[in-house]
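> how would this look folded up:
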Amino acid sequence: MSKKLRGPGLGLLLSAVGILIGNAGAPATAGNSNPTLNETPATFSPRFDSFDYVKREVMIPMRDGVKLKTIILIPRGAQRAPILLTRTPYGATARLEKNSSAHLSAVIDSNDVADDAVVNGGYIRAMQDIRGKYGSEGEYVMTRPLQGPLNPTSVDHATDTYDTIDWLVKNVPETNGKVGILGISYDGFTSLMALVHPHPALRAAVPINAMVDGWMGDDWFHKGAFRQDSLTYAHDQEATRGSDLSWWADHYDDYDTWLAAGSAGAMAEKHGLEQVGFAVKLMQHPAYDAFWQAQAMDKILAKQGVAVPVMLVHSLWDQEDIYGNIALYKALRAQHADQSQLFLVMGPWFHHQQRLEGSRIGAIEFGSDTAAYFRLRLLRPFLDHFLKDDAPPLDIAPVTAFETGGNRWLSLPGWPMGCASACTIDHRKIYLQPNGNLGFTAPGGSGFETYVSDPAKPVPYLPRPIHIGGDAGAASWQTWLVSDQRDAAARTDVLSFSTPALKEPLKISGEPIANLVASTTGSDGDFVVKLIDVYPDEVGRDPKMGGYQLMVSADILRGRYRDSFSDPRPIPAGKSQVFRFALPTANHVFLPGHRLMVQVQSTWFPIYDRNPQTYVDNIFFAKPGDYKQATIKVFEGGSGSSFVDLPVVEGAR
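All right, here's what the predicted structure looks like:
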């Protein structure tokens, strides 16, 4: 031992060590009848005095007595701070305790789209487990509907949010009494629910990629075609309170997994989903009946109006909820004249990319971090204006839309609108023409193109092997809507039509409308229409983009719903029918040298279930013998020409 380690402090330490050693080796005595080697205290008191925030974990009582677990993070020293609330089924603890740190900036990271507001803006952050999930009491119901025919209880997300806000403003002394609610996807849905009979302290809402109408075009269906991964989601969400039982697979390639199972109903049975309430509801309601219509948030909120400032945030390549926020914006604009507190943001993102890095999706680059722009230049000013006591001025346009292709942000007075002023939207029909051509002139004659749709060999939505879930599938799932479509174009059961290379830019703003005139030898069938931007054959500065086929807007229609979403009917075999449906909204410039392409197909697998092409009452329970080949004709001439109605921007840009 070094001579420097001398003095009374060392002596005391050595004495203590000696006592401990002596006690450890001492035999039991009358005064020490239960010797122990336990080094763990009966109760440990952790110390957080050095943290730059205070954490409180509370159980907030609802009006029916159920208590909901809520985690509250308060910047140390905060006074009269607004509260940002998120209500989630994905685990508040996991969201806010991923990083164990003394610094709020490490706890509030890229998991949270509101990180800048909390870390740099002094906001209080509250995250709550919705009823029936993780640490909260009560019963879980998927996207629990409002009180009424679909919910006979006295509580729903609207009442739970009201009661939560009421508790927060009365029991968090550091707050200024103003609350904002925000969230992505399911958390966006709960943000919308807060707008039904809102608490007076709710002063702002930011629903991002919100689930609005699960049948028309969000998570569960797209115009009748079932999104098969909904079964995976229902399993993982509802099998256990803590979502700790994962879906299993029996093939490396998910294409094989779903094809081998047969129908979506057969896959559900294979995984025991008759035990899971929402999976049963999905299979009981394949059409757009009262079950779906009564819980569509665009219908609910348009009927009552919105009394709270709202920023609806939409992703142009949202692989999960591409329908909802645009539908809600349209419905509110149509039914309520005063829209001074309604804002819309459209960005070039996949689902939830607003919280991440936003300079690209897959191979598609945008020239700047568009997600950071949203968080710092749009979200933060919106929240500060409506929630801070000093209420700084708000310099945000009613609509802020990113123009893909041109790669720039536009400030607009409304949507759809191609520029701030001095331009119009001209709906122009671009026709499918013979020999794979595409143009703005209707073809003469009465021609048609044909293909055979075989349910045994469906068109994959991505090059195989396909991984939908897990770490292996996360990246491809997020970027599949911008994936190169050349593999599909090479198939004989996909029709492709394209223009010559453009000499001038062509911009569209709004929803393209597919208008297919087609027949099938089957009695049912699906139709997929994709509007595609085809890059020049060679791109000098970025060779990998040569000939790239970028989906700008695409969707699917289940043929039985061609005349009515709620009243399905067989397709008369061999007779031409009109299949007309809207594609997702776009704000895109097709640049000079690029070509427009339209692709038509009848399967998109395994993202959507296969149509047996034989009419059955409920496709979830189609039998193997129901799946049959069908010959499809797509007509190109005269009054029966097929086309896509494009919202073309004319005038100043």
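> and the strands in the stretch 1-150 of the chain, which stretches?
Per DSSP state E, counting those that start in this stretch, the stretch 1-150 of the chain carries strands over the ranges 53-61, 67-75, 81-88, 124-129.
> now those strands as a markdown table including mean pLDDT?
Converted to a markdown table, the strands of the stretch 1-150 of the chain look like this (pLDDT from 0 to 100):
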| stretch | mean pLDDT |
| --- | --- |
| strand 53-61 | 97 |
| strand 67-75 | 97 |
| strand 81-88 | 98 |
| strand 124-129 | 98 |
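> quick one, which of the ones you listed is nearest to residue 227?
Residue 227 lies closest, by C-beta to C-beta, to one member of the strands of the stretch 1-150 of the chain: strand 81-88, at 21.4 Å. The C-beta positions use only the backbone N, C-alpha and C, and glycine is treated the same way.
> which strands and helices lie in contact with the closest one?
Using 3 or more C-beta pairs under 8 Å, 6 or more residues apart in numbering; DSSP states H and E as the contact criterion, the secondary-structure elements in contact with strand 81-88 are strand 124-129, helix 157-171, strand 175-184, helix 186-193, helix 380-387.
> distance to residue 51 added to those, as a markdown table?
Converted to a markdown table, those look like this (distance: least, C-beta to C-beta, whole Å):
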| stretch | distance to residue 51 |
| --- | --- |
| strand 124-129 | 14 |
| helix 157-171 | 21 |
| strand 175-184 | 19 |
| helix 186-193 | 26 |
| helix 380-387 | 24 |
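> re the thing from before, between the strands of the stretch 1-150 of the chain, which gets nearest to residue 376?
Closest of these to residue 376 is strand 81-88, at 15.6 Å (criterion: C-beta to C-beta).
> how many neighbours does residue 620 have?
Applying other C-beta atoms under 10 Å, we find 20 other residues in the vicinity of residue 620.
> how much space separates it from residue 557?
The span separating residue 620 from residue 557 equals 18 Å under the rule C-beta to C-beta, to the nearest Å.
> SS state for the closest residue to residue 166 other than its chain neighbours?
In space, not counting the residues next to it along the chain, residue 166 is nearest to residue 199; the distance is 6.0 Å by C-beta to C-beta, 6 or more residues apart in numbering. When classified by DSSP: H, G, I helix; E, B strand; the rest coil, residue 199 comes out as coil.
> could you list the low-pLDDT ranges of this protein?
Within the chain, the ranges that satisfy pLDDT under 70 run 1-34, 470-472, 652-653.
> can you pull out the strands in the stretch 301-450 of the chain?
When secondary structure is read from DSSP E, counting those that start in this stretch, the stretch 301-450 of the chain shows strands at 310-315, 342-347, 360-361, 364-365, 399-403, 408-412, 423-433, 437-439, 448-453.
> and the contacts of the longest one?
Translated: strand 423-433. Contacts of strand 423-433 from elsewhere in the structure, counted by C-beta atoms under 8 Å, 6 or more residues apart in numbering, are 416-418, 438-443, 449, 495, 497, 499, 509-510, 515, 596, 598, 600, 634, 636, 641-653.
> could I have the buried ones of the residues you listed as PyMOL selection syntax?
Provided next is the PyMOL selection string for whichever of the contacts of strand 423-433 are buried by 16 or more other C-beta atoms under 10 Å:
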select buried, resi 416+417+418+438+439+443+449+495+497+499+509+510+515+596+598+600+634+636+641+642+643+644+645+646+647+648+649
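> residue 496 reaches residue 595, doesn't it?
No. Residue 496 sits out of contact with residue 595 when judged by C-beta atoms under 8 Å, with a separation of 10.7 Å.
> so which of the two has more stuff around it?
Between residue 496 and residue 595, counted using other C-beta under 10 Å, the more crowded position is residue 496 (23 against 19).
> quick check: phi and psi on the nearest residue to the more buried one once chain neighbours are set aside?
Spatial nearest neighbour of residue 496, excluding adjacent residues (C-beta to C-beta, 6+ apart): residue 489 at 4.7 Å. When read as degrees, to the nearest 10, the backbone of residue 489 gives phi -60, psi -20.
> correct me, but residue 489 touches residue 498?
No. With contacts counted by C-beta under 8 Å, residue 489 stays clear of residue 498, the gap being 9.2 Å.
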